[in-house]
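Student: got a sequence here, can you model it:
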Amino acid sequence: MFRTTLLVALAALLLVEPAAARERRNLNVLQENARAIEGGRAVYVLVTQPELHVAINPSGIGATASGGLIGAIIDSSIEQNRANNAEAGITPIRATLFDFNVDAMAIDATNAATSALPWFGGQAVAFGRDNSPYTKNAALDAATANQVAFFEYGYELLPDFSAVRVTASISIANKVAEVRRPEQRLQPRYLAYSQSVISVVQLPNATEREENAARWAANDGALTRQALTGAFNEISVLMPRALQWTDADVEAAADRPRSTNRDYPGARTLEDSGDGALLYSMGGVVHVQTLGQ
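Tutor: Model prediction:
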């Protein structure tokens, strides 16, 4: 009896797993037959950070040199020092953005993206700052729609202060899914869609971090405001494009030439024009442009 039960379980696993694997491989593609759903989708915009951040490059020096606990301590110390230096540089820039409403820009970008896709059926946007699984599961439970689309935004300066980067992480979860525990609905294999869309706006003629920081802060943060506005505007254009990607687009992207952009090694260049370069990196769409161009 036990052997028969085990064989049945294994057979079921073999039937389910290939489909799940395909879903994982194509998670950044919202299949055409799954785009429009009855009743549309609930939409949540999440901006967890209250102010501009600086990306910190991981060290890796200690792990390479010593390994183990000592290496981890070395790396932690180096990264903390980098964070302290970055914090000192970004503080004057943050002070110029006291009245800059990133939350509203994230909501506007989301509304523009969903409005550009009538089939998406985006409901009125709900806004929040907590992107924990608990909060997302509560949103799924409370939703009247069959799916919930989460648009999570982050914005930061690159480690050398050479550019502003805005990231929108889009995930679409099913209210009802065949899972053992409700929180599993947010696991990649059960999502209907997951994609990152990134807009990078570079400082013209960027040099050393200190000089770059001074330029971002000058004139009440005029360049920072311009770069963030441009990045969010670009995000609103990129998201509808990403949501309409097909399996053929993904396959074609893999055959495109590699980008020379140092921040996205291995990325594929989809387009390159005077308005900037469009890259495909690690399953995400990245647009890189220079401020003023």
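Student: okay, CA-based contacts and neighbour counts for the rest of this
Tutor: Noted.
Student: so where's the stretch 51-200 of the chain uncertain?
Tutor: Applying pLDDT under 70 to the stretch 51-200 of the chain picks out residues 56-88.
Student: biggest helix in the chain by residues?
Tutor: Ranked by residue count under DSSP state H, the longest helix found in the chain is helix 209-243.
Student: which residues in the chain form helices?
Tutor: Per DSSP H, the chain has helices spanning 2-25, 61-65, 68-95, 102-115, 133-142, 209-243, 247-254. These are given in chain order.
Student: now the nearest residue in space to A126 that is not next to it in sequence: how far from T229?
Tutor: For A126, the nearest residue in space outside its immediate sequence neighbours is Y44; the separation is 4.8 Å by C-alpha to C-alpha, 6 or more residues apart in numbering. Between Y44 and T229 the distance is 21 Å, computed by C-alpha to C-alpha, to the nearest Å.
Student: neighbour count winner among these two?
Tutor: In this view Y44 and T229 are compared by other C-alpha atoms under 10 Å, and Y44 has more residues nearby, 24 against 17.
Student: show me what contacts that one?
Tutor: Taking C-alpha atoms under 8 Å, 6 or more residues apart in numbering, we find Y44 in contact with 125-128, 148-151.
Student: again, but for V197
Tutor: The neighbourhood of V197, defined by C-alpha under 8 Å, 6+ apart, consists of 167-170, 235, 238-239, 242, 284-286.
Student: then L97?
Tutor: With contacts defined as C-alpha under 8 Å, 6+ apart, L97 is in contact with 220-221, 225.
Student: can you pick the most crowded of the residues you listed?
Tutor: Neighbour counts for the contacts of L97 were taken using other C-alpha under 10 Å; the highest belongs to G221, with 20 neighbours.
Student: ok, that one touching T96?
Tutor: Yes: with contact defined as C-alpha atoms under 8 Å, G221 counts as touching T96 (5.2 Å).
Student: residue nearest the centroid of this protein?
Tutor: Centre of the chain computed as the mean C-alpha position; nearest residue by C-alpha atoms, centre = their mean is S169, 3.1 Å away.
Student: how about the nearest residue to it, chain neighbours excluded?
Tutor: S196 (4.4 Å).
Student: the one you found and R256, how far apart?
Tutor: From S196 over to R256 the distance is 19 Å, taken as C-alpha to C-alpha.
Student: next: V286.
Tutor: 14 Å.
Student: those two: who's more crowded?
Tutor: Here V286 and R256 are compared on neighbour count by other C-alpha under 10 Å; more neighbours surround V286, at 26 against 15.
Student: and D275, its phi and psi?
Tutor: Summarising the backbone geometry of D275 under the convention degrees, to the nearest 10, its torsions are phi -90, psi -10.
Student: doesn't G292 make contact with it?
Tutor: No: with the criterion set as C-alpha under 8 Å, D275 and G292 do not qualify as a contacting pair; they are 9.6 Å apart.
Student: what's near enough to touch the spatially closest residue to Q31 that is not a sequence neighbour?
Tutor: Computed as C-alpha to C-alpha, 6+ apart, the closest residue to Q31 that is not its neighbour in sequence is T246, at 6.8 Å. Taking C-alpha under 8 Å, 6+ apart as the definition of contact, the neighbours of T246 are 29-32.
Student: in PyMOL, how would I select the buried members of these?
Tutor: To isolate the buried ones among the contacts of T246 in PyMOL, judged by 16 or more other C-alpha atoms under 10 Å, type:
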select buried, resi 29+30+31
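Student: W119 contacts G39, doesn't it?
Tutor: No: W119 lies out of contact with G39 (C-alpha under 8 Å); the separation is 10.6 Å.
Student: how much space is there between the residue nearest to S169 and Q226?
Tutor: 22 Å.
Student: mind checking which of those two has more residues around it?
Tutor: A direct count of neighbours by other C-alpha under 10 Å for S196 and Q226 places S196 higher, at 21 against 14.
Student: contacts only, for the more buried one.
Tutor: For S196, the contact set (C-alpha under 8 Å, 6+ apart) comprises 167-170, 283-285.
Student: contact partners for the closest residue to P92 other than its chain neighbours?
Tutor: For P92, ignoring the flanking residues on the chain, the nearest one in space by C-alpha to C-alpha, 6+ apart is A217 at 6.1 Å. A217 makes contact with 92-93, 96, 223-224, according to C-alpha under 8 Å, 6+ apart.
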